[in-house]
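Visitor: Next comes the sequence, and after it the predicted model I'd like to discuss.
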Amino acid sequence: MDIFSIISLLGGIALFLYGMSFMGDQLERLSGGKLEQILEKMTDKTYKGVLLGAVVTAVIQSSSAVTVMVVGFVNSGIMQLTRAIGVIMGANIGTTITGWILSLTQINGESLIISLLKPSSFAPVLAIISVFMLMFCKNEKKKNVGGIMMGFSVLMMGMTLMSDAMSGLADNENFTSLMLTFSNPVVGIIAGTLLAAVVQSSSASVGILQALALSGGVSFGAAFPIILGQNIGSCVPVLISSVGTNKNAKRAAFIYLYFNVIGVIVTGALFYGVDYFVDFAFMDETISSVQIAIINTAFKVFSTIILLPFTKQLEFLAVKTIRGKEEDQKQQPLIDDRFLTSPAFAVEKCREVTIKMADMVEETALCALSVIKNYTDEKAELITSNEKKSDKYEDLLETYLIKISTMDLSDIDSKNIFVLHHAIENFEQISDYSLEILKARKTMNKKKVNLSEKAKYELSVMIAAATKIVAITNESFKLNDVNLAREVQPLEDVIDKLKKELKHRHMQRIDDGECTVEQGLPYLDIVSAIEHIADHCCDLALSMIEIKSGDYNIHSYVHNVKKSDEDFTENLDSYLEKYSLN
């Protein structure tokens, strides 16, 4: 090979790897994280895990990516180690689809239909169509389809460039000698392992081997051990991803390694054992890219068949390797960085954790509102503890959202992140003001402040309104129900007016000598804190409405649609009836 052939080869490899990565990313964006959600929830049986693992991997085009995701599931306590084994096995089978697609490069024939099936014929056409889709389509799904087509075109063009650069290797004596060396099973397996470890993908390494086979200089005897080794090399990124995880997650990564290593040992021993007695005549024959795809698939299916009955033994072996008791569920992370391999799924997991935060904050707010009338040390402890937890939730989730935001996101994911950011911020503030209510109530206890019956009744109306607005806000967020969110702002308007009226009435009582200024301050603090809680409920609801309506400036004019203060009546009973607060 001359210098130009080497440059063409490296360029072909670069296009091939980029095309595979880009196509996988676009497939992932098109799925919107739904594949991972199915994988997470539908693996109660091992055989289901195998099937789902195979399907998801066939779509995402990477067994390593799927297995890394499974490690994240186990690390977060979402998936049990036993259930993960089937998915890992299925992922190995699903990744073989890439080899079959790449084998299209070896289609030969003179008919028009066969010629159109050749990548050299349809890849440029797909590239042209995909460019128009990416440039002119406004629909995001159509753009993703265009991206998939573009990735596939680049992949195939890279494959063609690699095969063209290596076309003369069959006559090169040095290359022939090298291939003879790889015919040694141990050397071939080591070479395949290193190749897959370097490119971080068994699919990509198999594709490179297929391109090399198109030169006509690769024998069956050299290709077979390399294919076996590539399956071991694909374990490297998974093992790296398990660093810093809990024990069960590390065990999941080692199950992936043991599955491939044992499969290689059993298959290799059986194949070469039979060859020793029978002496396969085809070992020195040239292998084709189609045959490589067949061998790769047959090996992985065979490994799954022989090891599927021994899932408990694989788990036992992993447990013996990573010793120690399983971590307490409480110590497992709420969210895992490994989910970032699928931005859409990461956003969904972030939303799930935010919902947990929302439920906790609703409990905190309702407890704070109840403590105004009925103070207990248990309630005070719950409010204080939950407020600290909400701060931790905010730090964790905001950090995670920043990581997601740096990735290539779809419009839908970007909008979801916008809402999540507002939700996290506002729920944390609601928790803070719940603590302010508790502090004011403690001050009342300390100073032995007793509210008049009028003050208690008026405050009860505001408490009822706040109880309802918190419940509606949380429910609308959890259900992503914009119609329900629209009920928040009018109720927040009522609470604003209640605050003004209650302050006015309380100042009147102070002027009349019914209450002292010192006694009235905790009361006013409670009223202000409740009004702030309503404000943050409204801010979250408006962010949801903004995304739905596409109007990102709704906050700037929202106060223009509020009812005039002139409509406010002094009869608080009417609010009890109108807004069902009683």
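Guide: Nice, thanks for sending it over. Residues are numbered from 1 along each chain as shown.

Visitor: Can you pull out the low-pLDDT segments for the stretch 251-400 of the chain?
Guide: Applying pLDDT under 70 to the stretch 251-400 of the chain picks out residues 325-334.

Visitor: mind redoing it with 90?
Guide: 251-253, 256, 275-293, 308-312, 314-316, 318-349, 352, 372-375 (pLDDT under 90).

Visitor: Please apply the same query to the stretch 101-250 of the chain.
Guide: In the stretch 101-250 of the chain the weaker segments, taking pLDDT under 90 as the threshold, are 101-185, 188, 191-223, 230-250.

Visitor: Equivalent analysis for the stretch 451-582 of the chain, please.
Guide: 451-462, 464, 480, 487, 489-491, 493-525, 543, 545-582.

Visitor: show me where the stretch 251-400 of the chain has helices.
Guide: Assigned by DSSP state H, counting those that start in this stretch, the stretch 251-400 of the chain shows helices spanning 289-307, 311-321, 343-371, 377-405.

Visitor: And for the stretch 101-250 of the chain?
Guide: Under DSSP H, counting those that start in this stretch, the stretch 101-250 of the chain gives helices at 112-117, 119-136, 140-165, 173-182, 185-199, 202-213, 220-233, 235-241, 247-278.

Visitor: Adding mean neighbour count and distance to S64 as columns, could you present those in a markdown table?
Guide: The C-beta positions use only the backbone N, C-alpha and C, and glycine is treated the same way. Putting these into a markdown table (neighbours: other C-beta atoms under 10 Å; distance: least, C-beta to C-beta, whole Å) gives the following:
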| stretch | mean neighbour count | distance to S64 |
| --- | --- | --- |
| helix 112-117 | 11 | 29 |
| helix 119-136 | 15 | 25 |
| helix 140-165 | 21 | 17 |
| helix 173-182 | 14 | 23 |
| helix 185-199 | 20 | 9 |
| helix 202-213 | 27 | 7 |
| helix 220-233 | 26 | 10 |
| helix 235-241 | 19 | 5 |
| helix 247-278 | 19 | 9 |
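
Visitor: one step back: what's the most buried one of the helices of the stretch 251-400 of the chain?
Guide: Comparing the helices of the stretch 251-400 of the chain by mean neighbour count (mean count of other C-beta atoms under 10 Å), helix 343-371 comes out on top with a mean of 22.

Visitor: okay, the angle between it and helix 377-405?
Guide: Here helix 343-371 runs at an angle of 160 degrees relative to helix 377-405 (axes from the mean of the first three to the mean of the last three C-alpha atoms, to 10 degrees).

Visitor: And G99, how far from M20?
Guide: 12 Å (C-beta to C-beta, to the nearest Å).

Visitor: and of the helices of the stretch 101-250 of the chain, who's closest to E425?
Guide: helix 140-165 (26.7 Å; C-beta to C-beta).

Visitor: ok, back up a step: what do G99 and M20 both touch?
Guide: The contact sets of G99 and M20 overlap at S203, G207 (C-beta atoms under 8 Å, 6 or more residues apart in numbering).

Visitor: about what we covered before: among the helices of the stretch 251-400 of the chain, which comes closest to G273?
Guide: Set against G273 and scored by C-beta to C-beta, those come closest in helix 289-307, at 14.5 Å.

Visitor: and the closest one, how far out from the chain's middle?
Guide: Here helix 289-307 shows a centroid-to-chain-centroid distance of 30 Å under the convention C-alpha atoms, centre = their mean, to the nearest Å.

Visitor: Tell me what angle it forms with helix 202-213.
Guide: If you take the same axes, to 10 degrees, helix 289-307 sits at 140 degrees to helix 202-213.
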